[in-house]
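**Q** Let's see this in three dimensions:
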Amino acid sequence: MPKTILLTGATDGIGLETAKMLAPLGHHLLLHGRSAAKLEQTKSQVASLPGAGPVETYAADLSDMKQVEALAAEVSSKHEKLDVLINNAGVFMTPTPVTPDGLDIRFAVNTVAPYLLATRLTLLMGPGGRVVNLSSAAQAKVDLQALAGQNSRPLPDKTAYAQSKLAITMWTNHLAALYQDDGPLFVAVNPGSLLGSKMVRDAYGMAGGDLKIGADILTRAALSEEFAHANGKYFDNDSGRFASPHRDATQPKLCAEVVNTMQTWLAAR
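**A** Numbers count the residues shown, from 1 in each chain. This next block holds a predicted model:
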């Protein structure tokens, strides 16, 4: 049966490849991107694939939480049910590392926006739904002051990225434990290291691996039976199996601290 799937960061890299992989399966795709022009190009490309189902586009800057709220509200207003949310959008390097709201943009886009989107759409999903969060092999202990935008200067790019990816893995585990059978399944996925995205090219100056490796695992996490009981788990596509994330992601108290820090910041906006 066709599913309704919201995919963030769908206009480039792994997101675009995932959209192209999902479309021929006939699912109803809700494609998010920051640029309306690139979204139209992506829609034209994806919707023309043989077997493609309906394709909608949603433009929003995920570094701006008001736009994240608006995105969730627009999806909720147009759909009675959402089957899958794939939080794929991400940032590594940028000339403007701090958002107007004072957050490091890596935490804003890679951690807080996915959390806000997931929590706003949980009721639309319910049991049987899936939230697939893009994690990474790069995970580093989270500085809660930095997560809350209280550090005196921006973190180095690699540090901020690795912390943001552990933070999304930690809130994945927290919400998985919180909802259990009463909400969607939450799973974190490392799609594979150094795949050939713009992010990797900009950060490391290398072509990178085949993006289809990442698209394939995101598609499987969204749809396949092998992930049907993956609530609260971490899939490491470098090793091709479920694995242990950074040890902090296995500590409920630490995961709760990450969530509390985000909630406090969101409430104070």
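
**Q** so who does residue 104 touch?
**A** Taking Cβ atoms under 8 Å, 6 or more residues apart in numbering, we find residue 104 in contact with 97-98, 146, 149, 151, 154-155, 160, 164. For glycine as for every other residue, the C-beta is placed from the backbone atoms N, C-alpha and C.

**Q** If you could redo that for residue 182, that was the one I meant.
**A** Counting by Cβ under 8 Å, 6+ apart, residue 182 makes contact with residue 127.

**Q** related to what we said a few turns ago, just among the contacts of residue 104, which is most surrounded?
**A** Ranked by the number of neighbours (other Cβ atoms under 10 Å), those place residue 164 first, at 32 neighbours.

**Q** Contacts only, for residue 102.
**A** By Cβ under 8 Å, 6+ apart, the neighbours of residue 102 are residue 149.

**Q** and it, how far is that from residue 200?
**A** 28 Å (Cβ to Cβ, to the nearest Å).

**Q** returning to what we had before: looking at the contacts of residue 104, spot the one nearest residue 33.
**A** residue 164 (19.7 Å; Cβ to Cβ).

**Q** quick one: that closest one from residue 259, how far?
**A** From residue 164 to residue 259 the distance is 14 Å (Cβ to Cβ).

**Q** Let's have the contacts of residue 104 in a markdown table, adding pLDDT and distance to residue 10.
**A** As requested, the contacts of residue 104 are arranged in a markdown table below (pLDDT from 0 to 100; distance: Cβ to Cβ, whole Å):
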| residue | pLDDT | distance to residue 10 |
| --- | --- | --- |
| 97 | 94 | 24 |
| 98 | 95 | 26 |
| 146 | 96 | 28 |
| 149 | 95 | 27 |
| 151 | 89 | 31 |
| 154 | 87 | 27 |
| 155 | 93 | 27 |
| 160 | 97 | 23 |
| 164 | 98 | 20 |
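
**Q** Sitting in helices, which of those residues do you find?
**A** Among those, DSSP state H puts 146, 160, 164 in helices.

**Q** Export the helix or strand bottoming out on mean pLDDT in the chain to CSV, keeping only CA atoms.
**A** One helix or strand of the chain scores below all others by mean pLDDT, DSSP states H and E: helix 198-204, with a mean of 82. Coordinates of each C-alpha in helix 198-204 appear next as CSV, following Å, rounded to 0.1, in the frame of the first residue of the first chain:
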residue,chain,number,x,y,z
LYS,A,198,28.1,18.4,-1.6
MET,A,199,28.7,18.4,2.2
VAL,A,200,31.5,15.9,1.8
ARG,A,201,33.0,17.6,-1.3
ASP,A,202,33.0,20.9,0.5
ALA,A,203,34.3,19.6,3.8
TYR,A,204,36.9,17.1,2.6
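
**Q** and the very next helix or strand once past that helix, what other elements does it pack with?
**A** Where DSSP states H and E defines the elements, the next helix or strand beyond helix 198-204 is helix 211-223. Counting contacts by 3 or more Cβ pairs under 8 Å, 6 or more residues apart in numbering; DSSP states H and E, helix 211-223 is packed against helix 13-22, strand 84-87, strand 130-134, strand 185-190.

**Q** low pLDDT regions in the stretch 101-250 of the chain?
**A** The stretch 101-250 of the chain contains no residues with pLDDT under 70.

**Q** please redo it, this time with the cut-off set to 90
**A** For the stretch 101-250 of the chain, residues meeting the criterion pLDDT under 90 lie at 126, 151-154, 181, 194-209.

**Q** follow-up on the earlier one: may I see the ones in helices among the contacts of residue 104 arranged in CSV, with distance to residue 2 as well?
**A** CSV is the format used below for the ones in helices among the contacts of residue 104 (distance: Cβ to Cβ, whole Å):
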residue, distance to residue 2
146, 41
160, 38
164, 33
